[in-house]
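Undergrad: sequence and predicted model, in that order:
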Amino acid sequence: MILKYNIFLELAVIPLDFILCVFFQLRYGDDTKVNKEFKLLAYLVFWGTIADVVDAVMLSYDMLFSPVPLYIIHTINYCLATGGSFQFVRYVISYVGDEYSRTDGSFINRVLLLIYGILIVQNFFTGTVFSYSDSGEMLVGPLFTMVVYAFPLYYILSGGVFILSHSENYARKMKYALAATFVFMVSLYALQMFLYRSLLVTFFAASIAILVIFLTLETPDYIKLKKTLEELSISKRELEASSIRATEASHAKTRFLAQMSNDIRTPVNAIMGYSNLILADTEEEETKEYTRRVKISAKRLLTFFESVLNYVSEESDEKASRRLPSMAELIENTDESEFMDDEGNSVRKGLTGASDMRILAVDDTPANLDILVRMLTPMGFTVDTASNGQEAVIQVRKFRYDLIFMDHLMPIMDGVKALRQLRDEKLCDNTPIIILTANAIEGEEEKYLNEGFAAYLTKPFTEDMVTDILKRFLPLKDSNVSGSMDVIAWENLQERIPMVRVADAREYTLHDIRLYKKILLEYSKEESVSRISQAIRNADYTSCMALIRSERDMAKLIGADKLVKMTERLEAICRKKEFDLLRERIGAFAEERNDIAHALYEELQVENNE
């Protein structure tokens, strides 16, 4: 039997519609409003084309079907045609701007769609759109033309008018293509509606429109979107790389500031130390006045340098709101008395009330532990020692301590990790733990306090610094402990051991010449160079760094200025992970260190024999 309708145009576009729908499903992964609306439009056209073809075939063989399936397929076909036209309007609105979906025109379109749905439903009871004769032939009702043709045509025209009224949102080629497609689609639609109702071209025209929209609007827009996403991805990678570089620069800046802090404090502290010795030894008022001026200037210089370091360590946006004070302003705005402390005499400050208190001193440098013990024991404290964080944890498990002095950088377990373990095990929640460190730049103290340390004590520390900590955290009172400084003995010792600067060590050894000699003898016997060399051979640079720092602290303690500079350079090399250069430089350090140790050992042995 010959078909009542010409379906070949719509049959020809079904594969095209299918290919486009599969492409959209696989490639349109971006959940933007425009993409969602366009995909839905393409799907409605695809299924509408199939429904129109099936409807035409069933009408051609209507004697084979009962009215029920015919009614269902007719209703689906008409709903898809109107729904696709309505979706076309939604798509063009979403392409221009979502704000147009809230206008009066959009509201009218939704109301008309509701009316369309009511007409379709009521047709089931009234047959005013279409119905069937007893023989099964479809009969058109008075509302047929309006429901089947007028509603879809209205939405198509509404979409076209919207495009024309918002033409500024489209490129010139897009406008031409859309205008030509719109004229083509309306012409075919009118052809079927008024002249050749047996020629099915409605969904053929819609399919052609989908293809044109895809080529003129969606493809350039989608390519542009993909390009934008690629550019964003590149920008994100560049931003991440910039962030990494900024972090590395920040770390380098922090290391530089810490190194500068050590380099500046060392010579200024030496000037102030010599000033204290002169003030303690001389009785001439003129000499004392000159020395006071030197000490005041040295302290002002230290204050100024620390201000510079703090200024450099701040972020640029913070620096914009303040100005670095000059040295002249510092002199003008400060009182000289602020820079004067105890001039040094034969009376040492002490504490009472410490007979029942226990203190733990933790440091990987034996000399530092010895000094702390000699400082604290005469005051009445029971003092235990540990050489690393792990030993400290073991000690705290055995005894209750009233206060703990904790070095930061130590082998096996550093001070920060030890503090965390002590807090995790709730071993000394109420015990103040004081961090010992050589890092004196601004901001570091806050980091340590945030870790949970009670206070921050810089190396090398003095008896006054330790005493202030004790009075701050323990219930103690001042007392006077008499003692004498044998200046002549110290001067004689300096003449016999010129390889070190004795004056630098007097303050840190409590002016105890016997303690200083004991430290020198132990230093001369220490095999630290071999341990550093072994660590380098084993590529254990963490231990190597800790050993070099220990050597630096010992060199400062005994007054070996050249070794201090060499260890600081080795530390900087190790921190930069320039391990080949470290292997080259360690030999010169070992030679210098061994020469000093040998000279000290021989001189001290001669003294013991005498």
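TA: Received the coordinates, thanks.

Undergrad: the strands in this protein, which residues?
TA: Using DSSP state E, the strands of the chain run over 130-132, 138-140, 347-352, 358-362, 382-386, 403-407, 433-437, 455-458, 477-482.

Undergrad: buried residues, stretch 467-475. List them.
TA: 467, 469-470, 473-474 (16 or more other Cβ atoms under 10 Å). (Glycine included, C-beta is placed from N, CA and C.)

Undergrad: nearest to residue 114, of the residues you listed?
TA: residue 473 (79.6 Å; Cβ to Cβ).

Undergrad: was I right about that closest one contacting residue 401?
TA: No - taking Cβ atoms under 8 Å as the definition, residue 473 is not a contact partner of residue 401, at 11.7 Å.

Undergrad: ok so, going back, among the strands of the chain, which is the most enclosed?
TA: Mean neighbour count (mean count of other Cβ atoms under 10 Å) peaks for strand 403-407 among the strands of the chain, with a mean of 26.

Undergrad: tell me the strands beside that one, with direction?
TA: Here strand 403-407 is paired, per DSSP bridges, with strand 358-362 (parallel), strand 433-437 (parallel).

Undergrad: just want the angle from the first one to strand 382-386.
TA: Using axes from the mean of the first three to the mean of the last three Cα atoms, to 10 degrees, one finds that strand 358-362 and strand 382-386 are set 20 degrees apart in direction.

Undergrad: what sits up against strand 358-362?
TA: Strand 358-362 has contacts (Cβ atoms under 8 Å, 6 or more residues apart in numbering) with 368-369, 372-373, 376, 381-389, 391-392, 395-396, 399-407, 410, 415, 418.

Undergrad: same check, this time on stretch 587-604
TA: 496-497, 499-500, 517, 520-521, 523-526, 528-529, 532-533, 551, 560, 562-563, 566-567, 570.

Undergrad: same question for stretch 106-113.
TA: With contacts defined as Cβ under 8 Å, 6+ apart, stretch 106-113 is touched by 82, 86, 89, 93, 100, 151, 154-155, 158.

Undergrad: if you set the cut-off to 10 Å instead, what comes out?
TA: For stretch 106-113, contacts defined as Cβ atoms under 10 Å, 6 or more residues apart in numbering pick out 82-83, 85-86, 89-90, 93, 100-101, 103, 151, 154-155, 158-159, 162.

Undergrad: just the buried ones from these?
TA: Buried residues within the contacts of stretch 106-113, counting neighbours by 16+ other Cβ under 10 Å: 82-83, 85-86, 89-90, 93, 101, 151, 154-155, 158-159, 162.

Undergrad: let's have these in a markdown table, adding distance to residue 278 and pLDDT.
TA: Output for the buried ones among the contacts of stretch 106-113, formatted as a markdown table (distance: Cβ to Cβ, whole Å; pLDDT from 0 to 100):
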| residue | distance to residue 278 | pLDDT |
| --- | --- | --- |
| 82 | 105 | 89 |
| 83 | 101 | 90 |
| 85 | 102 | 85 |
| 86 | 99 | 89 |
| 89 | 96 | 84 |
| 90 | 93 | 85 |
| 93 | 90 | 80 |
| 101 | 88 | 67 |
| 151 | 107 | 89 |
| 154 | 106 | 87 |
| 155 | 102 | 84 |
| 158 | 100 | 84 |
| 159 | 98 | 80 |
| 162 | 95 | 79 |
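
Undergrad: low-scoring stretches of the stretch 201-350 of the chain, by residue?
TA: 216-232, 250-251, 253-255, 257-270, 272-274, 276-277, 280-281, 306, 309-350 (pLDDT under 70).

Undergrad: joint contacts of residue 473 and residue 401?
TA: In terms of Cβ under 10 Å, 6+ apart, residue 473 and residue 401 are both contacted by the residues 431-433.

Undergrad: if we can go back for a sec, least reliable of the strands paired with strand 403-407 going by mean pLDDT?
TA: Comparing mean pLDDT across those, the lowest value falls on strand 433-437: a mean of 89.

Undergrad: distance from the chain centre to that strand, please.
TA: Put simply, strand 433-437 sits 28 Å off its chain's centre (Cα atoms, centre = their mean, to the nearest Å).

Undergrad: which pair of the buried ones among the contacts of stretch 106-113 spans the longest distance?
TA: 101 and 151 (19.5 Å).

Undergrad: still on that earlier bit, of the contacts of stretch 587-604, buried ones?
TA: Buried by 16+ other Cβ under 10 Å: 497, 499-500, 517, 520-521, 523-524, 526, 528-529, 532-533, 551, 560, 563, 566-567, 570, out of the contacts of stretch 587-604.

Undergrad: okay, and which of those map to helices?
TA: Among these, the members found in helices (DSSP state H) are 517, 520-521, 523-524, 528-529, 532-533, 551, 563, 566-567, 570.

Undergrad: for residue 115, list the residues it contacts.
TA: For residue 115, the contact set (Cβ under 10 Å, 6+ apart) comprises 147, 151.

Undergrad: just to revisit the earlier point, which of the strands paired with strand 403-407 sits closest to residue 513?
TA: When the strands paired with strand 403-407 are compared (using Cβ to Cβ), the closest one is strand 358-362, at 22.2 Å.

Undergrad: restricting to C-alpha, output that closest one in CSV.
TA: Presented in CSV, the C-alpha positions along strand 358-362 are these (Å, rounded to 0.1, in the frame of the first residue of the first chain):
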residue,chain,number,x,y,z
ARG,A,358,63.4,20.3,90.2
ILE,A,359,64.5,21.6,86.8
LEU,A,360,65.3,19.6,83.6
ALA,A,361,67.9,21.1,81.2
VAL,A,362,67.8,19.6,77.7
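
Undergrad: from the chain's centre, how far out does that strand sit?
TA: The answer for strand 358-362 is 37 Å, by Cα atoms, centre = their mean.

Undergrad: what's the average pLDDT for stretch 580-589?
TA: Over the span of stretch 580-589, the pLDDT mean works out to 90.

Undergrad: for stretch 119-136, that is, sorry about that
TA: In this model, stretch 119-136 carries a mean pLDDT of 86.

Undergrad: what does that stretch contact?
TA: Contacts for stretch 119-136 (Cβ under 10 Å, 6+ apart): 62-68, 70-71, 74-75, 78-79, 82, 137-148, 151.

Undergrad: cutoff 6 Å now
TA: Stretch 119-136 has contacts (Cβ atoms under 6 Å, 6 or more residues apart in numbering) with 62, 67, 138-144, 147.

Undergrad: not including adjacent chain positions, what is the nearest residue to residue 88?
TA: Leaving aside its chain neighbours, residue 88 sits nearest to residue 159 (4.7 Å; criterion: Cβ to Cβ, 6 or more residues apart in numbering).

Undergrad: check contacts around the one you found.
TA: Applying Cβ under 6 Å, 6+ apart, we find residue 159 in contact with 88-89, 92.
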